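J.: coords below, sequence missing:
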C-alpha cells in the first residue's frame, strides 16, 4: 500500500495521483519525442559534425537498441525495487545523457550519449504505465490513461514539427538541450508528488535476464541493420539466434519456480486474453506510427518542394486533433466499452493511411495532406488510452511492472519492425522501377498491419472486469 493512501482503498488521494501524472507523462513524452525528432535534424548533424550517412544512422540506432533491449528487465526491476525509484533514476540518466548529446563535439560521442539516453528511456517507459495502474483505482483510471495515451500519440506526431522549428531557429544541439531543464523539473516534482510504491523483495532470475538481453539484442540489431547490410548472412544468423534464444527464454520462464526464482515475465499474463490482444495490437500500432511520417516527409520535401518546417506543419493537424481528443476519450473510457473505442481508433488509423496513400500523388493538391492528417489524428486519439486501459486492467498489482515491460517491449519491437519494413519496402519498390507512387504504397503496407491490430482489439472483453485473483490494490497483492 502506498504511503498517505486514502483509508480503505490502498490508493493515494486523487489530488496527489493527478499531480503525479505531470512528471510521469512529461518524462514519457520526452523519450517518445526523441525517437522521432532526430530524423528532421539529421542533415544538420551531418553537416556540423562532418559525418556520413552510415555514421549518423547510429544516432537513431544506438538509442533504439539501448531502449528496446532492457525493457523487460527494467519492468521487473520496478516491481522489485519500487517503480518510483527506478523512474526517477531513469529520468536522471536521460537528462544527463541529453546534456551530453547537446554538447557532443563528434559523431562518436553523440552516438555514445544517445545509447545512454536510450538506457534512461528503458527505465522510464515501463514505470510510467505501472505507476498509473497502481495509483488510480479502476473507476478513475480511464481519464488518467486517456492523458497518458494522448501523450504517447502527441509525442510521435509532434517530433517532426518541433524538430523543424528548433533546427530552423537554432541548431541540432537544442533538440537535446531542451530536455535538460524539463528533466530536472521532472525529478524535483516527482520526488514530491509520486507516491512511495514499495517493491516486493524477490530473487533475481539471472539466467532469464541474460538470455532476454541477448535475445533482444540479436533481434533488434538484426532488424535495425538488415536493410543497410543488404540482408547479409550474418543478419539472418542474428535473427535466427534471437528466435532460438526467445524459445530458451520461454522455457526458462515456464520452469522458473522449479529453479527457485520468480519469472522475469510471468507467462500467466498471457492467459489473460485482453493482455495478449492488447500487446499484439500495440505492436501493430507501433509498426505504423514509428515510420508513417517518413514517406510523407519525403514526398513533401522532395516532390512538393516544401521545407522541413513547412512539411512538419502540414501534418500538424494530427497532433492538434489527438491532443484535443484527450479529455473526451478519457471520459468515454468509463462510459463506453474500451473495445469499441479501440476498434474505432484502429479503423480511423487504417482510413487515414489509405487516404494519405491517395493524397501523395502529384496530380492532387498538396493541401489534401492536412485533411488526411486530421483522420490520422482521430485514430491516434482513440487508440492509445483505451488500448492500454483494457490491456492492463486484469493485471494484478504485484505484476504491473512485468506487464508494463512486456507491453512497452511489444510497442518498441513493433516500431523497430515498422522502421525496417518501411525502409526495405521503399528500396525494393524503387529497385523494381517504382517512382513517387512507392511513398503512398508503403502507407498501404502499414494499413494492412493496422488491420491485424483491428482484428485483435475486436476480441477485447465487452465489459471491464476486475483483475484475476485477489481484489486489485495500489500496493500489490
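T.: Noted; the coordinates are in hand. Just so it is clear, the model here is predicted, and its values are computed rather than measured.

J.: Now do the same contact list for residue 222.
T.: Residues near residue 222 by Cβ atoms under 8 Å, 6 or more residues apart in numbering: 235-236, 238-239, 242. Bear in mind the C-beta positions are built from the backbone N, C-alpha and C, glycine included.

J.: One more pass at 10 Å, please.
T.: By Cβ atoms under 10 Å, 6 or more residues apart in numbering, the contact set of residue 222 is 229, 231, 234-243, 416, 420.

J.: And the pLDDT at it?
T.: The per-residue pLDDT reported for residue 222 equals 82.

J.: Ramachandran coordinates for it?
T.: Main-chain dihedrals, residue 222, degrees, to the nearest 10: phi -60, psi -40.

J.: How is the chain partitioned into domains?
T.: According to automatic domain parsing, the chain comprises the domains 14-202+262-457, 203-261.

J.: what's the offset of the longest one from the middle of its chain?
T.: Between the mean C-alpha location of domain 14-202+262-457 and the chain-wide mean there is a distance of 4 Å, by Cα atoms, centre = their mean, to the nearest Å.

J.: Just the endpoints, please. Distance across it?
T.: For domain 14-202+262-457, the first and last residues are 30 Å from each other (Cα to Cα, to the nearest Å).

J.: let's number from 55 now, not from 1
T.: Done: numbering now begins at 55, and the last item shifts to domain 68-256+316-511.

J.: Give me the pLDDT for residue 56.
T.: So residue 56 comes in at 47 (pLDDT).

J.: again with residue 285
T.: 77.

J.: show me what contacts it?
T.: 276, 279, 293, 474, 478.

J.: for residue 483, same thing?
T.: 489, 491-493, 495-496, 499.

J.: which among these end up buried?
T.: 492-493, 496, 499 (16 or more other Cβ atoms under 10 Å).

J.: between the contacts of residue 483, which is closest to residue 388?
T.: Nearest to residue 388 among the contacts of residue 483: residue 499, at 35.8 Å, using Cβ to Cβ.

J.: Does that closest one touch residue 342 like I think?
T.: Yes: using Cβ atoms under 10 Å, residue 499 makes contact with residue 342 at a distance of 9.4 Å.

J.: so what's in contact with those two at the same time?
T.: With Cβ under 10 Å, 6+ apart, residue 499 and residue 342 have common neighbours 407, 472, 476.

J.: Could you say which of the domains of the chain is packed most deeply?
T.: domain 68-256+316-511 (a mean of 21; mean count of other Cβ atoms under 10 Å).

J.: got the contact list for residue 498?
T.: Per Cβ under 10 Å, 6+ apart, neighbours of residue 498: 404, 407-408, 410-412, 479.

J.: Including secondary structure, could the residues you listed go into CSV?
T.: As requested, the contacts of residue 498 are exported to CSV (DSSP: H, G, I helix; E, B strand; the rest coil):
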residue, secondary structure
404, helix
407, helix
408, helix
410, helix
411, helix
412, helix
479, helix
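
J.: any chance of those in TSV, plus pLDDT and distance to residue 69?
T.: Output for the contacts of residue 498, formatted as TSV (pLDDT from 0 to 100; distance: Cβ to Cβ, whole Å):
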residue	pLDDT	distance to residue 69
404	96	40
407	94	41
408	95	44
410	93	42
411	94	46
412	93	48
479	79	49
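
J.: quick one: which of the contacts of residue 483 sit in helices?
T.: Residues of the contacts of residue 483 located in helices (DSSP state H): 491-493, 495-496, 499.

J.: Please state the mean pLDDT value computed over stretch 483-496.
T.: Rounded mean pLDDT across stretch 483-496 is 77.

J.: no, scratch that, I was asking about stretch 303-310
T.: On average, stretch 303-310 scores 86.

J.: what do you get for stretch 75-86?
T.: Across stretch 75-86, pLDDT averages out at 88.

J.: try stretch 449-466
T.: 75.

J.: wait, what's in contact with the closest residue in space to residue 378 that isn't next to it in sequence?
T.: When the adjacent residues along the chain are set aside, residue 378 lies closest to residue 435, with 7.8 Å between them (Cβ to Cβ, 6 or more residues apart in numbering). Residues in contact with residue 435 (Cβ under 10 Å, 6+ apart) are 200, 203-204, 207-208, 372, 375-380, 382-383, 395, 398-399, 402.

J.: 7 Å instead, please
T.: Taking Cβ atoms under 7 Å, 6 or more residues apart in numbering as the contact definition, residue 435 lies against 204, 207, 375-376, 379, 383.

J.: Who are the packing partners of the lowest-mean-pLDDT helix or strand in the chain?
T.: Least confident helix or strand of the chain, by mean pLDDT, DSSP states H and E, is helix 192-223 with a mean of 73. Helix 192-223 makes packing contacts with helix 68-103, helix 161-189, helix 228-231, helix 362-368, helix 370-378, helix 380-387, helix 422-447 when contacts are defined by 3 or more Cβ pairs under 7 Å, 6 or more residues apart in numbering; DSSP states H and E.

J.: So which of the contacts of residue 435 is the closest to residue 162?
T.: residue 207 (33.9 Å).

J.: Show me the strands in the stretch 205-354 of the chain, by range?
T.: For the stretch 205-354 of the chain, no strands are identified by DSSP state E, counting those that start in this stretch.

J.: Point out where it drops to low pLDDT.
T.: 206-207, 210-211, 214, 253-257, 281-282 (pLDDT under 70).

J.: How about residue 290, nearest residue that isn't a chain neighbour?
T.: Counting by Cβ to Cβ, 6+ apart, the residue nearest residue 290 is residue 276, at 7.6 Å.

J.: if I look at that neighbour, how far off is residue 265?
T.: Separation of residue 276 from residue 265 (Cβ to Cβ, to the nearest Å): 16 Å.

J.: do the same with residue 67
T.: 42 Å.

J.: List the contacts of residue 168.
T.: 113, 116-117, 155.

J.: quick one: pLDDT of it?
T.: Reading off the model, residue 168 has pLDDT 94.

J.: before we move on, what about the one 4 residues further on?
T.: Note for residue 172: predicted pLDDT of 92.

J.: Tell me the secondary structure of the closest residue to it other than its chain neighbours, please.
T.: Leaving aside its sequence neighbours, residue 172 sits nearest to residue 120 (Cβ to Cβ, 6+ apart; 3.0 Å). The three-state assignment at residue 120 reads helix, by three-state DSSP.

J.: quick one, what contacts residue 120?
T.: Residue 120 touches 169, 172-173, 176, counting by Cβ under 7 Å, 6+ apart.

J.: Cool, thanks, signing off.
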